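> Provide a 3D model corresponding to the input given below.
(one chain, ligands or ions: 1)
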Amino acid sequence: MAPTPVKRAIVRSYNPSSDFDDVVEICKATAHPSINPVVDILPYIYAIPYVNLEPETAFVLDTGGPGSGPDGEQRVVGYIIGTANTQEFVERYRTEHLMSTDLPNEVSLENSPQSSEESQLRDIFLRILHEPEGMLHTKHPGFLEKYPAHLHIDILPSHQRQGYGGIMVSEFLKKLREKGVKGVHLGMRADNTLAGNFYKKHGFEVFADIKMDGTTWMVKGLKPTQAEDN
Ligand SMILES: CC(C)(COP(=O)(O)OP(=O)(O)OC[C@H]1O[C@@H](n2cnc3c(N)ncnc32)[C@H](O)[C@@H]1OP(=O)(O)O)[C@@H](O)C(=O)NCCC(=O)NCCS
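A predicted model of the protein is given here:
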């Protein structure tokens, strides 16, 4: 008897009416364990502003399954999100995302306690959330001109290392090229060697001029005519 074929997940555009909660969950579930105490803040920095402000450059990995439910099965198991223009994104992040009535009180800057180690971590991430201008890299003139776009990608462990990340990056870069974008950057934990290898495989290089403790910056120039990225 022929073996039952394994159903492949597909990469498709983000759908705001069905995918929001899954994206938020993936953002929390794929966070490094060391920042678990502040995991509730992370979607407000690394996921929600992107899907709300830049849905055109948001893609998800869809298993075709029944969807989120009591059995814990999630239909969407990965995303790649970002912006084609970091400068404009930061302006809209400040005027729209930070002003949004959906931003709960728990993540307001006033709620940043100062004592324990956990509170210090919370303080750090609340500052990142409330100071989007950090994304402008003003100490490195020319960086954003050369690499104006940036991205975040996360896939649940059940669907990692099956080639999906590569497909998602290709889809995202294709969209950037269609928009005439010249280059893209990303920041990752310096100790995330597996992700570093993944990005290198897709043509990203370390941008060593930006020195920031614990973060490695990677960049990729985009030629409009370039075929694909493997
Ligand atoms: C990093 C990530 C996006 C890669 O996507 P993916 O679908 O798992 O990767 P692919 O299957 O397309 O590519 C696999 C390649 O990535 C690297 N890689 C990714 N995960 C790996 C793992 N667990 N072990 C070894 N290599 C890994 C390797 O270079 C691998 O190539 P190889 O199979 O030839 O050795 C995904 O694993 C992920 O979401 N990880 C957790 C969250 C994360 O680190 N996000 C990035 C934050 S900057």
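
> rest of the way, CA atoms for contacts and neighbours
Will do.

> Walking through this protein, point out its strands one by one.
Defined through DSSP state E, the strands belonging to the chain, from first to last, are 10-13, 59-62, 76-83, 149-155, 183-189, 205-206, 215-221.

> Which residues does the first one contact?
Outside strand 10-13, the residues that touch it by Cα atoms under 8 Å, 6 or more residues apart in numbering are 56-64, 167-168.

> Most neighbours among the residues you listed, which one?
For the contacts of strand 10-13, counting by other Cα atoms under 10 Å, the largest number of neighbours falls to A58: 28 neighbours.

> Surely G165 is in contact with I155?
Yes: with the criterion set as Cα atoms under 8 Å, G165 and I155 qualify as a contacting pair; they are 7.5 Å apart.

> beta partners for the residue nearest to the spatial centre of the chain?
Centre of the chain computed as the mean C-alpha position; nearest residue by Cα atoms, centre = their mean is H152, 2.1 Å away. With DSSP bridges as the criterion, H152 is bridged to I81.

> hang on, isn't it packed against H185?
No: with contact defined as Cα under 8 Å, H152 does not count as touching H185 (9.7 Å).

> what does this protein put close to the ligand?
30, 153-155, 160-166, 188, 194-195, 197-198 (Cα under 6 Å from any ligand atom).

> what about D209, neighbour count?
So D209, with other Cα under 10 Å, has 9 neighbours.

> quick one: contacts for it?
Applying Cα under 8 Å, 6+ apart to D209 gives no contacts.

> Buried residues of the lowest-mean-pLDDT helix or strand in the chain, list them for me.
When the helices and strands of the chain are compared on mean pLDDT, DSSP states H and E, helix 117-130 comes out lowest with a mean of 88. Under the neighbour-count criterion of 16 or more other Cα atoms under 10 Å, helix 117-130 has 119, 121-123, 125-130 buried.
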